[in-house]
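*Asks:* Give the three-dimensional model of this entry:
(one chain, ligands or ions: 1)
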Amino acid sequence: MELKKVAFFDTKPYDKESFERLNSGRYDIRYFETRLTAAALPLADGCDAACAFVNAEIDRAVVEGLVARGVKVLAMRCAGYNNVDFKAAYEAGLTVVRVPAYSPYAVAEHAAALLLSLNRHIHKAAARTRDFNFSLAGLTGFDLHGKTAGVVGTGKIGRIFADICRGFGMKVLAYDAFPNPTTGLEYVTLDRLLAESDIVSLHCPLLPETKHLINADTFAKAKRGFTLINTSRGGLVDSEALLSALRDGTVGAAGLDVYEEESEWFYEDRSDVTRQNKTLSLLVSLPNVIVTSHQAFLTHEALANIATTTLKNLDDYFAGAPLENEICYRCLGSGGAKKTDCPRRANGRCHSVT
Ligand code: NAD
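*Replies:* Here you go, the predicted structure:
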């Protein structure tokens with residue numbers, strides 16, 4: 001039987017390595033370095049599936065272009081799906097699957113790494129000692145023990161980050177639009193969390209209602225000098241307001257793995273580009289800011305899980321089996337909660353195999 005063809009976009013060497021190790025001849029995977037855009041659509045000609053990553057803008061033109069070229073299923077090899085036009089996918093009959101969790105530990109641990117690096121000035125110390133400068137001036141941090149961490153979004157990643165904080169002897173306050181009573185966390189309002197937390201770490205999805213959740217008004221309510229950690233989505237934070245808050249001391253330090261306009265910059269070497277993004281340039285130049293390029297997921301364990309789940313999603317799709325990881329426009333409720341009013345839902349999936 002002829003193998004199903006998969007157009008695999010935005011390929012990095014580590015993607016190819018993990019998928020080749022686990023594919024073992026199941027699919028004819030065509031690896032392309034380019035991101036999935038309207039201009040890249042001809043690469044998907046005659047393919048049964050397309051596979052894309054987090055920063056691809058899957059708008060209506062891309063959705064309809066994929067379907068016109070014979071693609072039946074779009075396998076997002078990531079958890080977040082704010083860049084996909086699901087309404088267009090639903091209308092065009094393109095099934096979309098994703099990897100809801102590949103390693104919440106990887107992301108929570110990266111958030112902790114940003115926090116520790118900022119607080120103990122590891123980034124500055126490492127640069128100094130390389131120059132044989134062993135001075136400690138300006139490197140004073142604070143004990144995490146006894147401080148308060150505010151966790152915004154208490155899903156898989158937020159709960160692990162809360163556990164890490166508790167391991168350091170910190171008090172944890174939580175805010176979530178859908179508080180989960182089984183977590184044992186102390187839920188408070190966002191205003192109270194901001195007012196009392198020495199560290200605020202964001203772990204909720206980017207949705208219309210969470211866009212710029214952290215903005216000039218919320219900074220005004222926050223504890224002065226707090227550390228902001230964002231490993232979730234750049235759009236949760238108003239970057240201009242963050243710059244002002246860092247400059248006037250409202251925010252003491254910021255660890256950012258995501259940035260609201262990251263898609264043009266992150267994952268690539270852009271050091272040769274002369275036209276820089278002004279806000280990003282200012283953020284990276286501040287000594288109390290660490291920016292990493294959306295790398296919180298990047299562990300060996302997470303890459304193996306991404307490949308395993310993506311291939312299983314494709315196996316299930318082509319076998320006509322229930323699709324545990326399908327994202328359907330009609331089934332999505334607020335905050336990503338599943339509703340069950342999709343008229344197309346049958347046999348555990350919302351689009352039939354065509
Ligand atoms: P999850 O779905 O398990 O948890 C999300 C939590 O946010 C849920 O508890 C939900 O109730 C809550 N929430 C929803 N709407 C909210 C609102 N309006 N206000 C406050 N809380 C709200 O997701 P997760 O696996 O823990 O991932 C969290 C986020 O991390 C993802 O949305 C994604 O954007 C980000 N992420 C980043 C990376 C990275 O590499 N930096 C990797 C994976 C995920």
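*Asks:* Can you report how many residues neighbour the residue in the chain positioned nearest to the ligand?
*Replies:* Distances between the chain and the ligand by CB to the nearest ligand atom are smallest at Gly155, namely 1.7 Å. C-betas here are computed from N, CA, C, even on glycine. Using other CB atoms under 10 Å, Gly155 is surrounded by 20 other residues.
*Asks:* which residues touch it?
*Replies:* Residues near Gly155 by CB atoms under 8 Å, 6 or more residues apart in numbering: 176, 203-204.
*Asks:* Strands of the stretch 101-250 of the chain, start to end?
*Replies:* Secondary structure of the stretch 101-250 of the chain by DSSP state E, counting those that start in this stretch: the strands cover 148-152, 171-175, 186-187, 199-202, 226-230.
*Asks:* Single out the most deeply packed of those.
*Replies:* strand 199-202 (a mean of 27; mean count of other CB atoms under 10 Å).
*Asks:* tell me which strands and helices it is in contact with?
*Replies:* Where contact means 3 or more CB pairs under 8 Å, 6 or more residues apart in numbering; DSSP states H and E, strand 199-202 is packed against helix 104-119, strand 148-152, helix 156-167, strand 226-230.
*Asks:* Mean confidence (pLDDT) on the lengthiest helix in the chain, please.
*Replies:* In the chain, taking DSSP state H as the definition, the longest helix is helix 300-319. The average pLDDT for helix 300-319 rounds to 97.
*Asks:* what residues does that helix touch?
*Replies:* Helix 300-319 is contacted from outside by 4, 6, 14-15, 17-19, 21-23, 26-27, 48-49, 51, 72-73, 75, 77-78, 95, 97-99, 101-103, 105-106, 297, 321-325, 353, using CB under 8 Å, 6+ apart.
*Asks:* Which pLDDT value goes with Gly335?
*Replies:* Per-residue pLDDT puts Gly335 at 45.
*Asks:* thinking Phe168 is in contact with Leu144, fair?
*Replies:* Yes. Counting by CB atoms under 8 Å, Phe168 does reach Leu144; the two are 4.4 Å apart.
*Asks:* Same drill for those two, tell me which one is more crowded.
*Replies:* Just comparing Phe168 and Leu144: by other CB under 10 Å the higher neighbour count belongs to Leu144, 21 against 15.
*Asks:* Return the residues in contact with that one.
*Replies:* By CB under 8 Å, 6+ apart, the contact list for Leu144 reads 115-116, 119, 165, 168-170, 199.
*Asks:* Ile214 now?
*Replies:* Neighbours of Ile214 in contact, by CB under 8 Å, 6+ apart: 200, 202, 228, 230, 236-238, 241-242.
*Asks:* The same query, at a cut-off of 7 Å, please.
*Replies:* Contacts for Ile214 (CB atoms under 7 Å, 6 or more residues apart in numbering) come out as 236-238.
*Asks:* Val67 now?
*Replies:* The contact partners of Val67, by CB under 7 Å, 6+ apart, come to 92-94.
*Asks:* In helices, which of the residues you listed fall?
*Replies:* Judged by DSSP H, these include Ala92 as members of helices.
*Asks:* Quick one, which of the contacts of Val67 are buried?
*Replies:* By neighbour count, with 16 or more other CB atoms under 10 Å, the contacts of Val67 hold 92, 94 as buried.
*Asks:* what's the closest of the contacts of Val67 to Asn133?
*Replies:* Nearest to Asn133 among these: Leu94, at 55.8 Å, using CB to CB.
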